[in-house]
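**Student:** Task: produce atomic coordinates for the following.
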Amino acid sequence: MADQTQELRARIFLRSALPLVKVVAEEQPRYRKLLFKARGVVQFAAGDSEQAAWIELGDGTIDVKQGLHLNPSITVKFKVLKDLNTFFAGGTALPSIKGLAGILSLLRVVPFLLKLKILMPNAVPTDPAGKALKVKMLLYMVSNALSQLNKGGDETMVKLVKNSPDRVFQWTVEGGGPAAYVRMRGGQTKAGHGIYTRRRPYVHMIFPDIEGAFDVLTQKVGTVDAVRYNKLRMEGAMEGGKEVGVLMQRVEALTTGG
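**Tutor:** Predicted coordinates:
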């Protein structure tokens, strides 16, 4: 079986990053054209782990579900989970392919998978639309990934959440930009998109615009300087802000293999 680090990496890739193909479809019209009259299921799995996910194509829709599909159109299976993680991190890993009749479904999915590389630190879009897409995808991925760390048994995250009162960590881009949150309480975590309205955030990271969010989330500007130059406003518990900052770095280390 795969070790815990590889299991954690896979949880983030399959449950936090892969579902962002839906954001690509929503935000990029030319990608939606790839879904016209598309039907099929593309399964991703590894030989030494129960972790798996599939992409389901409908006529004009794309969705991601966890687990093993009973009858996928095509299966992309890696010998070990480490290879699956290498693949999703943008590295080279050769899988076995089963179900060549579904190759058209896989070909429709590949451009979406390539677009997920925008999440990687070395992907630095310079156009406003590219920056906005990266900010949205990073916020959605990071908030969900923090919850996955807890569910996957990451020691630091589990310790933080175990006896936690009801707390919400919120990220918001002002001016109608994207927002995301993760809620923790008594050992449980749940991530979501948008602004959590039932409770005042324990920590609220507020960006004035996409440019500010992009600079902070890509570490072009450090947190202290971001606050100084009005690219970030922190509200709530400062100690909580430090904790979540360390955990966000943990997510990046796992996704980049660092």
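
**Student:** rest of the way, CA atoms for contacts and neighbours
**Tutor:** OK.

**Student:** Domain ranges for this structure, per the record?
**Tutor:** What automatic domain parsing lists as the domains of the chain is 4-119, 128-256.

**Student:** can you redo these as a markdown table with mean pLDDT and mean neighbour count?
**Tutor:** What follows is those, written out as a markdown table (pLDDT from 0 to 100; neighbours: other CA atoms under 10 Å):
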| stretch | mean pLDDT | mean neighbour count |
| --- | --- | --- |
| domain 4-119 | 95 | 18 |
| domain 128-256 | 93 | 18 |
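
**Student:** backbone phi and psi for residue 45, please?
**Tutor:** phi -150, psi 170 (degrees, to the nearest 10).

**Student:** what about it, distance to residue 183?
**Tutor:** Distance, residue 45 to residue 183, by CA to CA, to the nearest Å: 29 Å.

**Student:** next one: residue 21
**Tutor:** Going from residue 21 to residue 183 by CA to CA gives 24 Å.

**Student:** quick one: secondary structure of the most far-flung residue of the chain relative to its centre?
**Tutor:** The centre of the chain is farthest from one residue, residue 101, which by CA atoms, centre = their mean lies 29.9 Å away. At residue 101 the chain is in helix, as set by DSSP: H, G, I helix; E, B strand; the rest coil.

**Student:** which ones are touching it?
**Tutor:** 73-74 (CA atoms under 8 Å, 6 or more residues apart in numbering).

**Student:** So which residues make contact with the strand or helix carrying residue 86?
**Tutor:** Here residue 86, judged by DSSP states H and E, is contained in helix 81-88. Helix 81-88 is touched from outside by 2, 6-7, 9-10, 13, 45-49, 78, 92-94, with contacts defined as CA under 8 Å, 6+ apart.

**Student:** Could you tell me how far that helix lies from the centre of the chain?
**Tutor:** Distance of helix 81-88 from its chain centroid, counting by CA atoms, centre = their mean, to the nearest Å, is 15 Å.

**Student:** Please list the members of the contacts of helix 81-88 that lie in strands.
**Tutor:** Among the contacts of helix 81-88, the members falling in strands are 45-46, 78 (criterion: DSSP state E).

**Student:** between these, which is closest to residue 53?
**Tutor:** Distance to residue 53 across those (CA to CA) is lowest for residue 45, with 6.8 Å.

**Student:** What residues are bridge-paired with the closest one?
**Tutor:** Judged by DSSP bridges, the bridge partners of residue 45 are residue 52, residue 77.

**Student:** likewise residue 57?
**Tutor:** Residue 57 forms beta bridges with residue 40, residue 62, as assigned by DSSP bridges.

**Student:** so who does it touch?
**Tutor:** 35, 38-41, 63, 105.
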